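Engineer: Sequence first, then the predicted structure:
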Amino acid sequence: MKNAVSAGIGNPAFQQHANGVTGVAGVVFVAENPSDHHIFLKAFAGVSDLKATSAGITIDTPRGEIQVMDPAAYRLHLAVEPPDTSRGMRLAAIRFAVRDLNLAREKAGASAKEHMGKLIVAPAAAHGAALVFER
C-alpha cells in the first residue's frame, strides 16, 4: 500500500488548478429560517460565535465560512434560483478563492456569469450546487 506522499497527497503539483483556485472559501446552505440551524452548525463546526444578518447567518471556521441564507437572499447574492427547501436546509453553493478571476472566467466558459464581483456557475451546470469563484 502506498503512503500518502507517494500517492500524491500533499504534493504541491497536485494542488495546482488550471482555473486558478487556491482553496475553498466556504459553503452556502439555504433554509427557510437560517437561524433555526445555528445550534447544529455551531456544534458541527466546533465554533461558538456566529454573525447574524438580514441575509442569514455566517460562521467563520479555520477552513472557511459556513453561510446559511434564506431563499430570497441566496437569489439576490448569487443571481440563481435556490434549491427546494421543503425538506429542510440544503447545500446550495461552494465558494472557491481564486488568484485571478479572469483566469477562472476563461476556464469556466459560457456556463459562468459575473454577479456582485463573483463568478458564478449555476447549479444546473454544476451537478446541483452553484460554484462561486471569488478573490
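Structural biologist: Sure thing, it's come through.
Engineer: Quick one: mean pLDDT for stretch 126-134?
Structural biologist: Mean pLDDT, stretch 126-134: 92.
Engineer: Would you mind putting the CA coordinates of it into CSV?
Structural biologist: The C-alpha coordinates for stretch 126-134 follow below in CSV (Å, rounded to 0.1, in the frame of the first residue of the first chain):
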residue,chain,number,x,y,z
ALA,A,126,-22.5,22.1,-11.6
HIS,A,127,-24.4,19.0,-10.6
GLY,A,128,-26.8,20.7,-8.1
ALA,A,129,-24.8,23.3,-6.2
ALA,A,130,-23.6,26.6,-7.5
LEU,A,131,-19.9,27.1,-7.9
VAL,A,132,-18.8,30.6,-6.8
PHE,A,133,-15.3,31.9,-7.7
GLU,A,134,-14.1,35.0,-5.8
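Engineer: Helices along the chain, start to end?
Structural biologist: In the chain, the segments counted as helices under DSSP state H are 38-45, 71-78, 101-108.
Engineer: Pick the most deeply packed of these.
Structural biologist: Each of these was scored by mean neighbour count; the highest is helix 71-78, a mean of 18, by mean count of other C-beta atoms under 10 Å. For the C-beta atoms, the positions are set from N, CA and C on the backbone; glycine is no exception.
Engineer: any idea of the mean pLDDT for that one?
Structural biologist: Averaged over helix 71-78, pLDDT sits at 97.
Engineer: again with stretch 107-120
Structural biologist: The average of the pLDDT scores along stretch 107-120 is 88.
Engineer: Can you tell me what sits against that stretch?
Structural biologist: Contacts to stretch 107-120, defined as C-beta atoms under 8 Å, 6 or more residues apart in numbering, come from residues 18-20, 77-80, 98, 101, 104-105, 121-122, 125-126, 130-135.
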